[in-house]
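J.: curious how this folds, go ahead:
(one chain, ligands or ions: 1)
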Amino acid sequence: MYKATQVNKDTWWVGVNDKESDMFESLWPLPQGVAYNAYAIIGSTATAAIDTVKGPYHDEYYSKLLQALNGRTLNYLVINHMEPDHAGLIAQLKSKWPMLKFIGNAKTVPLLKGYHGIEHDVLTVKDGDTLDLGGHVLTFATVPMLHWPESMVTFDTTTGVLFSNDSFGGFGAHEGGLFDDQTVKARWEDEMLRYYACIVGKYSNIVQVALKKLSALKIQNIFPSHGVLFRKDINQVISLYDKWSKFEGEKGAVVVYGSMYGNTRRMAEAVCSGINAAGVNEISLYDASRTDPSYILRDIWKFKAFALLSCTYNTLLYPPMEAICSKLLNRMPKNKFLGIAGSYSWSKGALTALQDFAEKSKLTKIGPEVEVYTSPNAEDLQKCFELGKNLGEAIL
Ligand code: FEO
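T.: Numbers count the residues shown, from 1 in each chain. Just a heads-up that it's a prediction; the model follows:
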């Protein structure tokens with residue numbers, strides 16, 4: 001990965017690892033970094049780059065692209081997506097190769113002008129249009145909202161490689177091999193799901209439409225613009241996207257609490273015990289103050305049920321819990337069982353806010369709702385246990 005790497009016939013990975021950014025979109029932590037995968041296809045009559053990388057990585061990307069071109073001119077840049085993590089170097093490529101033509105779709109055009117002031121040499125394509133590079137015929141399919149309106153994927157009909165951009169992408173920089181069969185599945189799957197829940201999950205209904213559209217292609221490899229490249233078992237990764245976009249949760253639960261002095265935490269622990277007593281062993285217990293929401297979103301996406309327990313803060317929901325509810329409502333996963341509980345001292349507020357969240361979420365609420373004054377007594381904790389048990393039984 002320190003150099004241009006051939007990943008299929010005439011096809012090169014020319015991407016970079018970003019181990020410097022702490023946050024993706026300045027929102028989501030990157031403890032293992034992130035990769036911006038970009039590619040080059042060297043046809044017999046023309047060459048094409050598939051996307052670029054984030055701006056600060058110009059020198060590294062450009063050097064790899066030159067290695068892949070091996071003295072040839074770059075004829076086309078296929079712009080699958082205009083977000084700057086992939087489109088950061090478009091203008092620079094044009095300055096290096098003034099005859100360069102850009103391939104995008106109608107919705108790419110205003111973004112290309114807006115970000116880079118480019119209005120000329122843009123070839124707009126529609127679904128099914130082709131570009132012949134000599135020995136490699138590319139075809140294009142728009143996948144609007146995966147992840148922006150102009151997003152599209154590019155398919156090499158010769159090699160069967162789908163350049164899927166954000167779709168099938170994941171957090172995590174490359175740490176050796178680029179491919180799925182060179183890496184540990186549990187590791188990339190976790191980071192792929194966290195990426196899905198945070199970035200793509202809001203558009204899960206559109207993922208279903210896109211999967212149907214892409215099923216017409218004879219896909220051999222899936223090369224996304226983030227994370228692992230897939231060549232070993234394409235069906236496995238397509239199945240994951242199918243499952244996540246249908247909200248098919250596994251038999252497990254997430255219990256999230258917001259607690260200042262440990263009282264709501266003890267309620268959450270009673271909920272966990274109840275879930276476990278029902279026979280469910282997969283339980284993630286998270287402190288909303290100390291766990292980044294991306295990990296909570298990931299596990300809520302993964303499992304069938306979740307519970308939210310919050311203390312009251314200045315008559316409202318505890319701020320870290322409020323942040324989680326807001327992120328959930330923005331990309332609301334469906335088909336989940338939900339339990340809620342609140343606590344208060346000098347003013348109520350948390351449970352009312354969680355009831356409002358539950359109503360907006362349209363999820364299946366499991367009772368009892370629990371509201372505790374100051375510190376939970378034995379009866380309160382028993383109610384929390386019952387809530388957990390009912391959630392566990394719903395899961396099973
Ligand atoms: Fe990886 Fe939506 O950009």
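
J.: then the longest helix seen in the chain to PDB, C-alphas only?
T.: Looking across the chain with DSSP state H, the single longest helix is helix 378-395. Extracted C-alpha coordinates of helix 378-395, given in PDB (Å, rounded to 0.1, in the frame of the first residue of the first chain):
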ATOM      1  CA  ALA A 378     -35.500  -2.400  45.300                       C
ATOM      2  CA  GLU A 379     -38.900  -2.100  43.600                       C
ATOM      3  CA  ASP A 380     -37.500   0.300  41.000                       C
ATOM      4  CA  LEU A 381     -34.700  -2.000  40.200                       C
ATOM      5  CA  GLN A 382     -37.100  -4.900  39.900                       C
ATOM      6  CA  LYS A 383     -39.100  -2.900  37.400                       C
ATOM      7  CA  CYS A 384     -35.900  -2.300  35.400                       C
ATOM      8  CA  PHE A 385     -35.100  -6.000  35.600                       C
ATOM      9  CA  GLU A 386     -38.700  -6.700  34.200                       C
ATOM     10  CA  LEU A 387     -38.100  -4.300  31.400                       C
ATOM     11  CA  GLY A 388     -34.900  -6.100  30.500                       C
ATOM     12  CA  LYS A 389     -36.600  -9.500  30.700                       C
ATOM     13  CA  ASN A 390     -39.400  -8.400  28.500                       C
ATOM     14  CA  LEU A 391     -36.900  -7.000  26.000                       C
ATOM     15  CA  GLY A 392     -35.000 -10.300  26.100                       C
ATOM     16  CA  GLU A 393     -38.200 -12.300  25.500                       C
ATOM     17  CA  ALA A 394     -39.100 -10.000  22.600                       C
ATOM     18  CA  ILE A 395     -35.700 -10.600  21.100                       C
END
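
J.: model confidence over that helix, on average?
T.: Taken as a whole, helix 378-395 has an average pLDDT of 98.

J.: what residues does the stretch 1-150 of the chain have near the ligand?
T.: Counting by C-beta under 6 Å from any ligand atom, the stretch 1-150 of the chain comes close to the ligand at 81, 83, 85, 86, 147. From N, CA and C alone the C-beta is placed, and that goes for glycine too.

J.: distance from the chain centre to the longest helix of the chain, please.
T.: Computed by C-alpha atoms, centre = their mean, to the nearest Å, the chain-centroid distance of helix 378-395 equals 32 Å.

J.: which residues are in contact with it?
T.: With contact meaning C-beta atoms under 8 Å, 6 or more residues apart in numbering, helix 378-395 is reached by 251-253, 255, 266-268, 270-280, 303-305, 307, 309, 337, 339, 341, 364, 366-370, 372, 376.

J.: quick one, domains of this protein?
T.: For the chain, automatic domain parsing gives the domain ranges 5-245, 254-395.

J.: output the ones you listed as JSON lines; include the columns mean neighbour count.
T.: Formatted as JSON lines, the domains of the chain follow (neighbours: other C-beta atoms under 10 Å):
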{"stretch": "domain 5-245", "mean neighbour count": "19"}
{"stretch": "domain 254-395", "mean neighbour count": "20"}
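
J.: which residue does the stretch 151-300 of the chain have closest to the ligand?
T.: Closest approach between the stretch 151-300 of the chain and the ligand, counting by C-beta to the nearest ligand atom: residue 166, at 4.5 Å.

J.: over to the nearest residue to that residue once chain neighbours are set aside: give its phi and psi.
T.: Leaving aside its sequence neighbours, residue 166 sits nearest to residue 147 (C-beta to C-beta, 6 or more residues apart in numbering; 4.3 Å). Backbone torsions for residue 147, taken as degrees, to the nearest 10, come to phi -130, psi -10.

J.: isn't residue 147 up against residue 201?
T.: No. Look at residue 147 against residue 201 with C-beta atoms under 8 Å: they stay out of range, at 10.5 Å.

J.: list the contacts of the nearest residue to residue 102 once chain neighbours are set aside.
T.: Nearest residue to residue 102 in three dimensions, chain neighbours excluded: residue 122, at 4.7 Å (C-beta to C-beta, 6+ apart). Listed by C-beta under 8 Å, 6+ apart, the contact set of residue 122 reads 101, 102, 104, 108, 109, 112.

J.: so the second one versus residue 308, what's the distance?
T.: Yep, that's residue 102 we're talking about. Residue 102 is 46 Å from residue 308, where distance means C-beta to C-beta, to the nearest Å.

J.: same deal with the fifth one?
T.: With distances taken as C-beta to C-beta, residue 109 is found 43 Å from residue 308.

J.: one more: the first one?
T.: Applying C-beta to C-beta, the value for residue 101 to residue 308 is 51 Å.

J.: next: residue 7.
T.: From residue 7 to residue 308 the distance is 43 Å (C-beta to C-beta).

J.: quick one: end-to-end length of stretch 282-294, please.
T.: One end of stretch 282-294 to the other measures 18 Å (C-alpha to C-alpha, to the nearest Å).

J.: how far out from the middle of the chain is that stretch?
T.: 18 Å.

J.: try stretch 383-396
T.: With C-alpha atoms, centre = their mean, you get 30 Å for stretch 383-396.

J.: also stretch 195-212?
T.: 9 Å.

J.: kindly report the same for stretch 152-166.
T.: On the basis of C-alpha atoms, centre = their mean, stretch 152-166 sits 19 Å off its chain's mean C-alpha point.

J.: so who does the closest residue to the ligand within the stretch 101-250 of the chain touch?
T.: In the stretch 101-250 of the chain, the residue that lies nearest the ligand is residue 147 (3.9 Å; C-beta to the nearest ligand atom). Applying C-beta under 8 Å, 6+ apart, we find residue 147 in contact with 81, 83, 165, 166, 167, 199, 200, 203.

J.: go again with 10 Å.
T.: 81, 83, 165, 166, 167, 169, 199, 200, 202, 203, 206 (C-beta atoms under 10 Å, 6 or more residues apart in numbering).

J.: gap between it and residue 85?
T.: Using C-beta to C-beta, one gets 10 Å for the distance from residue 147 to residue 85.
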